[in-house]
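**Student:** fold the following and give me the result.
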Amino acid sequence: MKSETRDKLMGVSVATLCSALYKRGLKNQTIQDVRPVRPKGRNMVGPAFTLRYMPAREDRNPMTVFRDPKHPQRHAIETCPEGHVLVMDSRKDARAASAGDILITRLMVRGGAGVVTDGGFRDAMTIGELDIPAYHHRPSSPTNLTLHEAIDINVPIGCGDVAVFPGDIMVGDDDSVIVIPAEIADEIADEAVDMTAYEDFVVERVKEGHTIIGLYPATEENNLALFAKWREANGR
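**Tutor:** Presented below is the predicted three-dimensional model:
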């Protein structure tokens, strides 16, 4: 992932990215029913590193499985590359946790850019206090072994009804999380920056009392001319 692309995506909203992707026919990229454990006031941006859970079976998931250093959940925490986002497929089932504060703290210390699950986190309030952006459906105290078996690392997964492929670019803000296919991330970032500039211009005009007709969307040439002047004056 280019550092320039990362910087651009740090400054745009998930809502704007939704619109940019929609223009390309990608309508289902926002992870559903997942929200920040605690808003950070800044974006989460990074390539996806994935972990897949399957339904647990009691004879395979005693507490002793955690003694195995290659246990997929533990191994994912210890191998997720710096700057990546750990994305977990928990089958939208928050009745048992996807991880807890110790594992997420370790991910943070190792340089993880964030963590996303369509299930829940245990110790969620503690995770919310960490510096790493974290997204889930809701708090969940039972250990993952109760209902989930970690089975695959860095394979294509589903998270919140969205396909996530390793290396896809994850962007989260204080509202939600979106998945950008890696091959179009650069152009989506450029377009989102331009869209954000225009939206900021529109907000200023609307606050001044101007109608949205002809302004949003820009169907009147005069508004485009005013935007060009605004952009030059504001260095946007």
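
**Student:** where is the longest helix in the chain?
**Tutor:** helix 185-207 (DSSP state H).

**Student:** quick one: contacts of it?
**Tutor:** For helix 185-207, contacts defined as Cβ atoms under 8 Å, 6 or more residues apart in numbering pick out 1-2, 5, 8-9, 11-13, 16-17, 19-21, 23, 169, 180, 212, 215-216, 218, 223, 226-227, 230-231, 236. For every residue, glycine as well, the C-beta is placed using N, CA and C.

**Student:** ditto for stretch 174-182
**Tutor:** Against stretch 174-182 from outside (Cβ under 8 Å, 6+ apart): 1, 9, 13-15, 17-18, 21, 26, 29-31, 34-36, 39-41, 44, 47-48, 116, 135, 159-160, 162-165, 167-172, 188.

**Student:** if we use 6 Å, what do you get?
**Tutor:** 14, 17, 29-31, 34, 36, 39, 116, 135, 162, 164, 167-169, 171, 188 (Cβ atoms under 6 Å, 6 or more residues apart in numbering).

**Student:** list the buried residues in stretch 90-97.
**Tutor:** 90-94, 96-97 (16 or more other Cβ atoms under 10 Å).

**Student:** typo on my end, it should be stretch 32-48
**Tutor:** Applying 16+ other Cβ under 10 Å to stretch 32-48 flags 34-37, 40, 43-48 as buried.

**Student:** and Asp175, that's in a helix?
**Tutor:** No: with DSSP: H, G, I helix; E, B strand; the rest coil as the criterion, Asp175 is located in coil rather than a helix.

**Student:** give me the phi and psi for it.
**Tutor:** Phi and psi for Asp175, reported as degrees, to the nearest 10, are phi -100, psi -50.

**Student:** state the distance from it to Asp168.
**Tutor:** As judged by Cβ to Cβ, to the nearest Å, Asp175 and Asp168 stand 19 Å apart.

**Student:** now do Leu86
**Tutor:** 13 Å.

**Student:** who's more crowded, those two?
**Tutor:** Leu86 (29 against 22; other Cβ atoms under 10 Å).

**Student:** thought that one was touching Val116?
**Tutor:** No: in this structure Leu86 lies outside contact range of Val116 using Cβ atoms under 6 Å: 7.3 Å.

**Student:** quick revisit: output the buried residues of stretch 32-48 as CSV; include the columns secondary structure.
**Tutor:** Output for the buried residues of stretch 32-48, formatted as CSV (three-state DSSP):
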residue, secondary structure
Val34, coil
Arg35, strand
Pro36, strand
Val37, coil
Lys40, coil
Asn43, coil
Met44, strand
Val45, strand
Gly46, strand
Pro47, strand
Ala48, strand
